[in-house]
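Asker: let's see this in three dimensions:
(one chain, ligands or ions: 1)
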Amino acid sequence: MLMTRSHLSDATLRKLPAGTKIPAYDRGRIAPGIVHLGVGAFHRAHQAAYVDECLAAGETDWGITGVSLRSPDTRDALSPQDGLYTLAIRSSGEEELRVIGSIQSMLVAPENPSAVLAALTDPRTRIVTLTITEKAYLRAAGGGLDTAHPDIIHDLANPQMPKTAHGFLTEALARRLAAGTAPFTVLCCDNLPANGATLHRLLTEFAALRDARSVTAGDTGITDHIANGVAFPSSMVDRIVPATTDADRARIASELGVDDAWPVMTEPFRQWVVEDNFSAGRPDWEKFGVTMVGDVGPFEDMKLRLLNGAHSGIAYLGLLSGHATVDRAFADPAIREFVDGLWEEAIPTLPADAGLDTSAYTAELAERFSNTALAHRTAQIANDGSQKLPQRIIAGAIERIQAGFRPECLTLVIAAWIAACEARGKTLPDNHFTDPLDTALAALGERRTLERVAAVFDLAGFAKGSPERQTLIELVAAHRVHIRQGGAALALSALGILPAIPGKT
Ligand code: CS2
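Answerer: All right, here's what the predicted structure looks like:
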């Protein structure tokens, strides 16, 4: 006889095995206070878990309304479960299961943009947070708003039916202003440098374009309000969250005795450093391990350049060396040594007077990258390299060249990215990972290495306008030649033997 198992929900919570942590609060009493755009696995392992602890400690105003800007998948998985899901916190040999209750409802923007705008304009919504991934900020090669992007064009023409975060936030802030409702605070939680300021700048640009098109008599516009009247704190977020597999789903179901359509896997480590600039209140996050600071910049740069930079290096060199997961790649002595070299190059680019303990930080990173229970796939991190490398690798590499040094490890990451992109459909499966530039990269055709690297830099806007651009291209091209001649192994073994930058060192 076919047995059907029940699924995780408010009704089945009490039946879970002892040892499973469940929301220790009356979910029905919680009012919505946060709208989150981009309810992916990262948000569910990070912010939603912090908020869950605040709610368990007695706060009642900060329930989360989750919004997916594109796909209905998360809503389809979580709505039948009353928004509940399991967070599996995994270290080598151990697993702790926690059911998170802070997501109260889910909306899918393309299905119902009006419902998203209603949630954003609800006076109870006092914070809007975002994890929409780097590419959804729609930055052009030079860093400004990509005004030619079809979704930006759409949202300027249809302000009531937006598709982008820019369109939703601007329209909601305009409606709140018109209704006399105080603005919400916009808290960016993506891996961008100065992420709050970056979003603030992009949104102000968007609002100015929108105002320029507005023909409504007496409409005073929204640009000034967004530029001067809305808080955009920056934040540094950190927790490693591998994509959930079917094996994870099966394991969690057998441990819980109920099905969970989308449990989230993560590591024990977590960190959140937030600029304390909230115009309409916030949860008491500092009681649960969040660090509230005046300036998040040094923490952001340390995380982007040491964690994410190393991650991208491990991903592309790992893929080229046949390693499917971060822990396996990191156990490869050549890659391990390369990561130390990358850290040596990147650490001097961080502010020396900000109290950062980079030795403790990198020692902890080495442990985190060695977590064998996560099986964090190199192909997952490899996605969207053109959007990630500028803040992880290129900014630091430019600073090293300016200081007279040759950033060989940093530039090897760029060469490995180019090589890994080109290896898809050959030594790597088609679509093993994707990039917004895929179509444009494919159209480049055959070229000599130096020309090809320069063309890739142009497409991606890497080092645009920087006097160090040409030196970077030459360093990348030299690595690219090594990879072509002898794979990642030759490029790794050649580190340190290239001639110095003429006139510099
Ligand atoms: C990773 C990040 O996929 C990636 O690009 O580098 O998602 C990384 O795991 C997180 O930023 C860790 O906080």
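
Asker: so what touches stretch 160-168?
Answerer: Here stretch 160-168 makes contact (CB atoms under 8 Å, 6 or more residues apart in numbering) with 37, 69, 109-110, 113-114, 116-117, 120, 130, 132, 136-138, 145, 151-152, 154-156, 158-159, 170-171, 202-203, 206. C-beta here means a position set from N, CA and C on the backbone, and glycine is covered the same way.

Asker: any idea how far that stretch is from the chain center?
Answerer: Here the centre of stretch 160-168 is set off from its chain's centre by 20 Å, with CA atoms, centre = their mean, to the nearest Å.

Asker: please identify the buried residues of it?
Answerer: Within stretch 160-168, the residues that qualify as buried by neighbour count (16 or more other CB atoms under 10 Å) are Pro162, Lys163, Thr164, Ala165, His166, Gly167, Phe168.

Asker: what distance separates the start and the end of that stretch?
Answerer: From the first residue to the last, stretch 160-168 extends over 8 Å; the measure is CA to CA, to the nearest Å.

Asker: now do it, average pLDDT.
Answerer: In this model, stretch 160-168 carries a mean pLDDT of 98.

Asker: next: stretch 109-118.
Answerer: On average, the pLDDT along stretch 109-118 is 98.

Asker: report how many residues lie close to whichever residue of the stretch 51-200 of the chain sits closest to the ligand.
Answerer: Using CB to the nearest ligand atom, the closest approach of the stretch 51-200 of the chain to the ligand is made by Asn191 at 5.1 Å. If you count neighbours by other CB atoms under 10 Å, Asn191 ends up with 23.

Asker: do Ala352 as well
Answerer: Neighbours of Ala352 under the rule other CB under 10 Å: 10.

Asker: confirm that it sits in a strand.
Answerer: No. When classified by DSSP: H, G, I helix; E, B strand; the rest coil, Ala352 is found to be coil rather than part of a strand.

Asker: now it: how far from the ligand?
Answerer: 24 Å (CB to the nearest ligand atom, to the nearest Å).

Asker: cool, and His479?
Answerer: The value you get for His479 to the ligand, if CB to the nearest ligand atom is used, is 21 Å.

Asker: list the contacts for that residue?
Answerer: Neighbour list for His479: Glu408, Thr411, Leu412, Ile414, Ala415, Ala416, Ala491, Ala494 [criterion: CB under 8 Å, 6+ apart].

Asker: helix/strand/coil for the third one?
Answerer: Following three-state DSSP, Leu412 is assigned to helix.

Asker: give me the pLDDT for it.
Answerer: At Leu412 the predicted local distance difference test score is 98.

Asker: identify the residue nearest it in space, chain neighbours excluded?
Answerer: The shortest distance from Leu412 to any residue other than its chain neighbours is 4.8 Å, reached at His479 (CB to CB, 6 or more residues apart in numbering).

Asker: the residue of the stretch 151-300 of the chain found nearest the ligand pairs with what?
Answerer: When distances are taken as CB to the nearest ligand atom, the stretch 151-300 of the chain approaches the ligand most closely through Asp238, which lies 3.9 Å from it. Partner residues in beta bridges with Asp238, using DSSP bridges, are Gln271.

Asker: I appreciate the help and will end here.
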